[in-house]
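A.B. asks: just coords:
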């Protein structure tokens, strides 16, 4: 293989950390959600890179299958998250997560 | 003659049973319909019963074995590898019972319509139910006589007990102002429990018999081999099983036939409606005990000279005389008859005790007719007096109308007198019954009673059968003859107090004759009481011909006294003497005040007799109250003193232990540590509270930091040695 | 077919789940659903009754599947002549109880129906279990709902919490003993299978003697089982939880308690204690007759205590002690006759009688508790007499006890009639179901242990005394006194049986009369079971 | 430097650049567009890794569905797009520091491991194998089914949450 495994891992780590930074620092709920999507993508890159470089010898497909499951979860999460955001917006006219601290009584 | 109808015998008890079910479930509200259903039920039973009787009279020539005819199993119950077969049978004993029972029942059913005031404003509120109960009772009695085994016999026996309970307590809401007087509900209870004592003894005997023989069917139990075996195996010591079991069975008979010492329930059973007294407590149910002894007679005589016959003879003869003495001092017209019944049952039992099987059964049949007649006559009298009382009460203008309602006792003979003029049919039929009862020639009682006395005398003269010693014969003869005198005396007293002289109260003055549905049965029964004896005259003893056959198993040993003119004359003379004495005391100078002329001369003896030898009081103090006290003690033991307190104590100990553990171990040591942790936690929590902003990204940051720290920790753990060594510190 | 038993047992669980889904304010739906679901096991149990082949003595409808293979626990179920009638009884009483409760339970309806169905599952499960662990699990499953039924729906004045705790702890104490014995059996023989254990423990059996002939262990395990079951039966002196639990429980709870829960103990005796430990059981019934003595004490003492009761429900509770004493006497006689070929029929009859007593006591005493519920619902009082503050009856100037009711026979004839049938069935009147049980128990006992039987029959007299004297006379006989009724019940209305009460009682009454006249179908079941144990 | 490596570097720039755009764009709509860019870059990685099916799924689901969904959401709540307020919260410094530190630590670890390299070829029918594995009882049918249930629940949940009361 031309591209070594470590390259993928480094890029994935970078993607993950950027996503993390976004999720932690954006005020907008939808932006937070986008950060989370980035993190999930990083995970998928890892899964497939390991599949291609390690698992393919065994001729099984766990990495791919896992990735599909992760995509599914991501889709579900996005759907629910966006629904929450819209519901939030409708009731409170804001999507700023800073303003949402109902958990603190 | 074909025996087709024998196969239908089992239907006989089902007709009244069906009547019972129909009345209880559907026609309870409709009085006339209920009456007719009950009549049809018993009527069909009567027709079929008489057909079977006449067929049985015709004989069973072609059937073997000769004693227990036509046993037909109806169903069986599995018992391990074997099974218990239950069915019905017909033999001549069954036959004669089927002659008597449904017919007397029918008469009483018809009588009941009038007695329960059908069609008047006084009609009993539970009228239909009364007919249901007596139908069920008829089912019980008929089932009893067609049973081919002791188990169904016992089942029907107990069903009769139930009916007796229900019917004695029929007016269960009745109360009396005198707290000492027994109420119907108490009388019912007393009857059921007293007979239950006998029943349990009988049940024990039956179970022992079953254990020994492996069957309860008569034909199995009374086979020659079985009887031999029972006579020669021993329950313990030298008591053979046959003797022991026979005595236990006799216990049942004592309870049901109200023999001493379980006689106390029968007089109080007179609290029930009079047709009930006639039906259950004179004609049929009480004779079931005698029937039981007659039925299991082979068992009683299986052991030659055993003590069982002596016990039977003694109890019977003693009861006969014992209860007739009590009857002398009773004022309640029905109670006199009740004691008379006990006494007559004693005759039958005593006859069985000396082996006079045929005479006992014959007396059972004749007695049923004339005692039913007497009871129904007394019912008619009471009914009349009650109506007279109401009449005089409502229309009276004079001071005699001011008797307290409820205080007046229509059963009391002291309140009667001169009723023959007011109620001629009742009066004359009653007198016919009385003549039959006292054994005056040629009424039925003469023939049957005379046969018993003759058999007893013959036993004395020639030695008894079945090992009965001659002296027992004399003992029985003597006691029964004295009892015959007393019978005539108290019966005469009853007649004179009730029917002779002048009315002693306004009620008796206005007593009307009863309605035809009540008087016609009286007339019919009077005819039977007159003529039935002719079936068993010494010259043409049809009865012996028939019954004797049913006891062929007893072989040549069956006692049959020939007619003994001397004995007949003696007993007739004694009976006439009784009548004469009664006339002298009560008839010659009719009473004007309600005080018995014998009270003063007899003094304490009269009081003793009036109080029935204080048996009720003795049982109350000796058995009932100790039982209740024992029950109370057991409950106290259970709930207050021992068992439950122990349980609670264990529980309390558990709680105390846990409490102690809490105080001594938990609080200072474990709890101390826990509290310490708790305080630290509180402090830490106060601190951490500041971090709880409620903003999700803050939490997320903490999580990210944590992840970083974990990764860093891994890095340091893995590579710190390398770094140190690289720095030259390793 | 092999799933039939599983289906019967777990249908109530389905009912529990469905009831859970219904909002709790929708009481009508909950009631209909609960009753409707409870009909399914009833119909299936009736089918089982007719589908069961009484000619065979082995287990039928048997089903076995792995459950916890690591320790050899199996889901092993099966029905034989002993369990089929009891399963029917359970299903019947549950349905009747639910019908009755749907009219009388006013608060927390959802929880009540839910717990009741759960209870049914536990009881049915015990009867079908052929594996000790399964048996134990179902045994305990029944415990909690009953505890809650007593505790929550009990009448405040009857100390429901105390009674419930007492019931729970008492039974649990027995259960712990049983669990230890079950583990002991497992560690020694390596199996929890009741069939294997009970077949194998004769000297020729594949498993050899129980505990390999170690008598100390065997005796300890036997007593552990025996006490666990004796508490449930209940046998004197382990009975004092019963009156309290019965008194406090709601009507349907009392019915199930008397009708089925007591039978669990009795069932255990015949399913486990006797077949697995026959030698030990026989030893304590014959050589050292402790068990028959306890049975006699239960009979006579229970009946005597009844006579001293003034609380109707408590009285009937104690009558259960007495009646189950007959059961125990039958089992002791059967155990004493075990292994003696000349007693094989007598032992079978005693065992038949004991099993009949279980079934009959279920329908009769169950019926009596329904009937007590009827009067309690109207009068809100169960005292037979007017009571003073210390709980002693008041007496009038003639020293006669003042009855609190009386005369109901006149006012409520329908109720009186039904009650009378049930009461006479209870006192063992021939022609009604109760008689046959007593007859066969005493038949077996008179052959095997005549002296015990002779003392036992005394109980019959006392039974008649307390039922007729205490119950029937104080409730129904005498004149109706309207003033006193108003005083006792605070102006409650007196009505005769209502339709739902008739619907509840008639099946039981029909069974009492039917099996009283023709007991053979029922005895056939028990006899097929007895043949297996005692058959020659 | 092979062609693949060059392509990889270009894709990395696209993916990471897009990611940075997501984090740092003031305008939310632009952030969403940057997210699309990043997703496409990741899909390119999949092609490089010879997981063509996953690449297609990535494009379809992420770009075609999720990104579009996000854009819809942004447009539904129009005020979100206005950027008069600060788009980052007050802990953004901490967030960046933690992210950077985590990245450093991860890279450090990655650098210390001798990663395996394989010359094995991806089987030609890997897509059909994947399809069979997903529905085979021996492999992933249970997770597959659970995932579908999850999707259903999410669908229902999203509808209920977002619905007008």
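C.D. replies: Happy to help now that I have it. Just so you know, these numbers come straight off a predicted model, no measurement behind them.

A.B. asks: and the closest residue to residue B:532 other than its chain neighbours, what does it touch?
C.D. replies: Among residues not flanking residue B:532 along the chain, residue B:444 sits closest, at 4.3 Å (C-beta to C-beta, 6 or more residues apart in numbering or on different chains). For glycine as for every other residue, the C-beta is placed from the backbone atoms N, C-alpha and C. Residues counted as contacts of residue B:444 (C-beta atoms under 8 Å, 6 or more residues apart in numbering or on different chains) are B:366, B:369-370, B:436, B:528-533.

A.B. asks: gap between residue B:444 and chain C?
C.D. replies: Counting by C-beta to the nearest C-beta, to the nearest Å, the gap from residue B:444 to chain C is 34 Å.

A.B. asks: about what we covered before: out of the contacts of residue B:444, which are inside helices?
C.D. replies: The helices, defined by DSSP state H, take in B:366, B:369-370, B:436, B:528-531 from the contacts of residue B:444.

A.B. asks: most surrounded residue in those residues?
C.D. replies: residue B:436 (32 neighbours; other C-beta atoms under 10 Å in any protein chain shown).

A.B. asks: Run through the residues that contact it.
C.D. replies: Going by C-beta under 8 Å, 6+ apart, residue B:436 touches B:366, B:369-370, B:373, B:443-446, B:529-530, B:533.

A.B. asks: Rebuild those as JSON lines, extending it with distance to residue C:351.
C.D. replies: Output for the contacts of residue B:436, formatted as JSON lines (distance: C-beta to C-beta, whole Å):
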{"residue": "B:366", "distance to residue C:351": "49"}
{"residue": "B:369", "distance to residue C:351": "49"}
{"residue": "B:370", "distance to residue C:351": "51"}
{"residue": "B:373", "distance to residue C:351": "52"}
{"residue": "B:443", "distance to residue C:351": "57"}
{"residue": "B:444", "distance to residue C:351": "53"}
{"residue": "B:445", "distance to residue C:351": "53"}
{"residue": "B:446", "distance to residue C:351": "57"}
{"residue": "B:529", "distance to residue C:351": "54"}
{"residue": "B:530", "distance to residue C:351": "58"}
{"residue": "B:533", "distance to residue C:351": "55"}
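
A.B. asks: out of those, what pair is the most spread apart?
C.D. replies: Spatial extent of the contacts of residue B:436 (C-beta to C-beta) is set by the pair B:373 and B:446 at 15.4 Å.

A.B. asks: out of these two, which sits in the busier spot?
C.D. replies: Neighbour tally, residue B:373 and residue B:446, criterion other C-beta under 10 Å: the higher count belongs to residue B:373, 31 against 22.

A.B. asks: What strand or helix carries the more buried one?
C.D. replies: When elements are assigned from DSSP states H and E, residue B:373 belongs to helix B:357-395.

A.B. asks: how far out from the middle of the chain is that helix?
C.D. replies: 20 Å (C-alpha atoms, centre = their mean, to the nearest Å).

A.B. asks: So which residues make contact with whichever helix or strand comes after it?
C.D. replies: Next helix or strand after helix B:357-395 toward the C-terminus (DSSP H and E): helix B:419-422. Helix B:419-422 has contacts (C-beta under 8 Å, 6+ apart) with B:381, B:384-385, B:388, B:426-428, B:498-500, B:503, B:508-509, B:511-513.

A.B. asks: Buried only: go through these for me.
C.D. replies: Buried members of the contacts of helix B:419-422, scored by 16 or more other C-beta atoms under 10 Å in any protein chain shown, are B:381, B:384-385, B:388, B:426-428, B:498-500, B:503, B:508-509, B:511, B:513.

A.B. asks: Mark which of these are part of helices, please.
C.D. replies: Per DSSP H, the buried ones among the contacts of helix B:419-422 map to helices at B:381, B:384-385, B:388, B:426-428, B:498-499, B:508-509.

A.B. asks: now, the most widely separated pair of those?
C.D. replies: Between any two of these (C-beta to C-beta), the greatest distance is 20.0 Å, for B:428 and B:509.

A.B. asks: Residue C:230 should be in a helix, yeah?
C.D. replies: Yes: under DSSP: H, G, I helix; E, B strand; the rest coil, residue C:230 falls within a helix.

A.B. asks: That one is in contact with residue C:238, isn't it?
C.D. replies: Yes: judged on C-beta atoms under 8 Å, residue C:230 makes contact with residue C:238 at a distance of 5.4 Å.

A.B. asks: Counting neighbours, go ahead and name the busier of the two.
C.D. replies: Between residue C:230 and residue C:238, counted using other C-beta under 10 Å, the more crowded position is residue C:230 (27 against 24).

A.B. asks: give the contact list for the more buried one.
C.D. replies: C:174, C:238, C:265, C:294.

A.B. asks: will you turn the residues you listed into a markdown table that also has secondary structure, distance to residue B:275 and pLDDT?
C.D. replies: Output for the contacts of residue C:230, formatted as a markdown table (DSSP: H, G, I helix; E, B strand; the rest coil; distance: C-beta to C-beta, whole Å; pLDDT from 0 to 100):
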| residue | secondary structure | distance to residue B:275 | pLDDT |
| --- | --- | --- | --- |
| C:174 | helix | 56 | 89 |
| C:238 | coil | 51 | 88 |
| C:265 | helix | 49 | 93 |
| C:294 | helix | 48 | 94 |
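
A.B. asks: In terms of distance to chain D, which of those residues ranks first?
C.D. replies: residue C:174 (43.0 Å; C-beta to the nearest C-beta).

A.B. asks: Verify the stated contact: that closest one with residue C:229.
C.D. replies: Yes: in this structure residue C:174 lies within contact range of residue C:229 using C-beta under 8 Å: 7.4 Å.

A.B. asks: So which of these two has more stuff around it?
C.D. replies: residue C:229 (27 against 24).

A.B. asks: Distance check, that one against residue C:270.
C.D. replies: 9 Å (C-beta to C-beta, to the nearest Å).

A.B. asks: And for residue C:433?
C.D. replies: 19 Å.

A.B. asks: mind listing what the closest residue to residue A:72 other than its chain neighbours touches?
C.D. replies: In this structure, residue A:72 finds its nearest non-sequential neighbour in residue D:147, 4.4 Å apart by C-beta to C-beta, 6+ apart. With contact taken as C-beta under 8 Å, 6+ apart, residue D:147 is in contact with A:68-69, A:72-73.

A.B. asks: likewise residue A:98?
C.D. replies: So residue A:98 contacts A:27, B:695, B:697, D:89 (C-beta under 8 Å, 6+ apart).

A.B. asks: Count residues in the vicinity of the last one, would you?
C.D. replies: Looking back up the chat, that one is residue D:89. 21.

A.B. asks: Now for the closest residue to chain B within the stretch 101-250 of chain C: which residues touch it?
C.D. replies: For the stretch 101-250 of chain C and chain B, the shortest gap (C-beta to the nearest C-beta) falls at residue C:240, measuring 4.4 Å. By C-beta under 8 Å, 6+ apart, the residues touching residue C:240 are B:638-639, B:643-644, B:647, C:166.

A.B. asks: need the helix or strand of chain D with the lowest average pLDDT.
C.D. replies: Lowest by mean pLDDT, DSSP states H and E among the helices and strands of chain D is helix D:68-76, with a mean of 83.

A.B. asks: so how far is that one off the chain centroid?
C.D. replies: With C-alpha atoms, centre = their mean as the basis, helix D:68-76 stands 17 Å off its chain's centre.

A.B. asks: Summarise which helices and strands that helix is packed against.
C.D. replies: Judged by 3 or more C-beta pairs under 8 Å, 6 or more residues apart in numbering or on different chains; DSSP states H and E, the packing partners of helix D:68-76 are helix A:29-53, helix A:62-92, helix D:28-48.
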